[in-house]
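Q: Let's see this in three dimensions:
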Amino acid sequence: MLLVFTIYHCCVTGLSVKSIGGQKRKLRSEKEIKWLFAEWQVKYDKSYDTSMEESRRIKIFKDNLRYITEHNRPENNHSFTLGLNQFADLTTEEFASIYLNSHLNVEPSSHASDRYMPKEGEQLPNFVDWRRAGAVSPVEYQGNCGSCWAFSAVGAIEGINQIVTGNLMTLSKQNLVDCERLSNGCFGGRTSSAFQYVQKSGIDTESHYPYQGVRQPCNPIKESVVYIDNYEVIRSRNEISLQKAVSSQPISVSIKSNSTDFIFHKKGVFSGRCGQKLDHGVLVVGYGREDGKDYWLIKNSWSTFWSENGYGKIERNINAPFGKCGIAMNPSYPVIDKPYRLYGQSSKTIQKMPLAGA
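A: Purely as a prediction, here's the structure:
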């Protein structure tokens, strides 16, 4: 069950509750909660097989709603707000089993690089947003599939490919879920394995190899339209190095995300609880400062209903070795030295040839 009762304990059918400060606060009635739940079901197209299952989901929904309402009270003075989204009928345990990735670990040191090691006296931009440069494809939804690793890796490849070629291509996450065999498809994977696959075999477009949200046999007629030359891991694993990297290209990172605060993040700079271990892959597409707080701008794969149209701001420059939610613990990125023109119609006949004059 979500961490509701750390704030206060009560029966939701009551009219008021005494808070820690001693003041009575009015609660929503059972009728109002059921109305909100029905409205939420319509918005997110939710239905259940039995009345018993629906009753269980209403109870979880009430717990989550109560937590969100308490968090958002002005007197709590949080830097961010929470809101109901498509996950409101899940416990954190259920959420983790469906959407998160137990295979995310620190990437191999054999690919560690000093490419983005800050130099003494070096000035970095105060604000970066790769969306404005046209290097970020639209937010998508991974569905009931633990494929965040593929979304993170593909986003980084799309970004560097656009930076090098000037052309933003939306690439296939399903291609990786089906064909990258060092990972486990919808049961988790690693961005390093994804990068290795694209370096060797290339990757198809989203339109030609669309996302299904389940692992299927690798499509034998896939077309490899983008390759990478290598991938690297930021050796120093600190926020300054990550800032320099993000000022040059979108970066794949792993974070600790299994907390009620993060799951229901709606707006503002996230500074809440994160969880205990790396469990989710996202893409850092920028950074900046808002309301006196430095932030990282991340692109998530939980649809546009999460946070601010699918993008969230996470507190930056905090007093912790690896940053908020471990964001600087596992950063990696693809390398493209020069663009390629591709010949052939399938992965079996592809040859990659440098563009003339490149």
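
Q: Residue 197 and residue 172 touch, don't they?
A: No. In this structure residue 197 lies outside contact range of residue 172 using CB atoms under 8 Å: 11.6 Å. Every C-beta, even on glycine, is put in place using the N, C-alpha and C of the backbone.

Q: Among those two, which residue is more densely surrounded?
A: Comparing residue 197 with residue 172 by other CB atoms under 10 Å, the one with more neighbours is residue 172, at 26 against 22.

Q: Helices of the stretch 251-358 of the chain, residue ranges please.
A: 260-263 (DSSP state H, counting those that start in this stretch).

Q: which residues touch residue 225?
A: 169, 171, 202-205, 342 (CB atoms under 8 Å, 6 or more residues apart in numbering).

Q: hang on, the earlier thing: got any residues that touch both of residue 197 and residue 172?
A: By CB under 8 Å, 6+ apart, the residues touching both residue 197 and residue 172 are residue 203.

Q: The spatially closest residue to residue 156 that is not a sequence neighbour - how many residues pack around it?
A: Closest residue in space to residue 156, ignoring its immediate chain neighbours: residue 252 at 4.4 Å, by CB to CB, 6 or more residues apart in numbering. A count of nearby residues for residue 252, using other CB under 10 Å, gives 30.

Q: which one's the longest strand in this structure?
A: strand 280-290 (DSSP state E).

Q: next structured bit after the lengthiest helix in the chain?
A: With secondary structure taken from DSSP state H, the chain has its longest helix at helix 51-71. The helix or strand immediately downstream of helix 51-71 is strand 80-82, counting by DSSP states H and E.

Q: and that next one, what does it pack onto?
A: helix 51-71, helix 260-263, strand 265-270 (3 or more CB pairs under 8 Å, 6 or more residues apart in numbering; DSSP states H and E).

Q: and those as JSON lines, adding distance to residue 99, mean neighbour count and mean pLDDT?
A: Converted to JSON lines, the helices and strands packed on strand 80-82 look like this (distance: least, CB to CB, whole Å; neighbours: other CB atoms under 10 Å; pLDDT from 0 to 100):
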{"stretch": "helix 51-71", "distance to residue 99": "15", "mean neighbour count": "17", "mean pLDDT": "96"}
{"stretch": "helix 260-263", "distance to residue 99": "9", "mean neighbour count": "22", "mean pLDDT": "96"}
{"stretch": "strand 265-270", "distance to residue 99": "14", "mean neighbour count": "21", "mean pLDDT": "98"}
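
Q: between the ones you listed, which gets nearest to residue 240?
A: strand 265-270 (18.7 Å; CB to CB).

Q: what packs against the closest one?
A: strand 80-82, strand 293-299, strand 311-315.

Q: Sheet-wise, list the partners of it with their directions.
A: Paired with strand 265-270 in the same sheet, following DSSP bridges, are strand 80-82 (antiparallel), strand 311-315 (parallel).

Q: which residues touch the first one?
A: Defining contact as CB under 8 Å, 6+ apart, one finds that strand 80-82 is touched by 67-68, 71-72, 260-261, 264-272, 313.

Q: contacting residues around residue 204?
A: So residue 204 contacts 171-172, 175, 219, 222-225 (CB under 8 Å, 6+ apart).

Q: run the last query once more with 10 Å
A: 169, 171-172, 174-176, 179, 210, 219, 221-226, 346-347 (CB atoms under 10 Å, 6 or more residues apart in numbering).

Q: cool, and residue 248?
A: Counting by CB under 10 Å, 6+ apart, residue 248 has contacts 115-116, 124, 128, 130, 159-160, 163, 333.

Q: What of residue 56?
A: Here residue 56 is in contact with 48, 50, 89 (CB under 10 Å, 6+ apart).

Q: distance of the last one from residue 47?
A: As for residue 89, its distance to residue 47 is 11 Å (criterion: CB to CB, to the nearest Å).

Q: which residues touch the residue nearest to residue 251 when sequence neighbours are not counted?
A: Sequence neighbours aside, residue 284 is the residue nearest to residue 251 in space, at 4.7 Å (criterion: CB to CB, 6+ apart). Residues counted as contacts of residue 284 (CB under 10 Å, 6+ apart) are 128, 130, 152, 155-156, 159, 242-243, 245-246, 249-253, 255, 296-299, 314, 316, 327-328, 331, 333.
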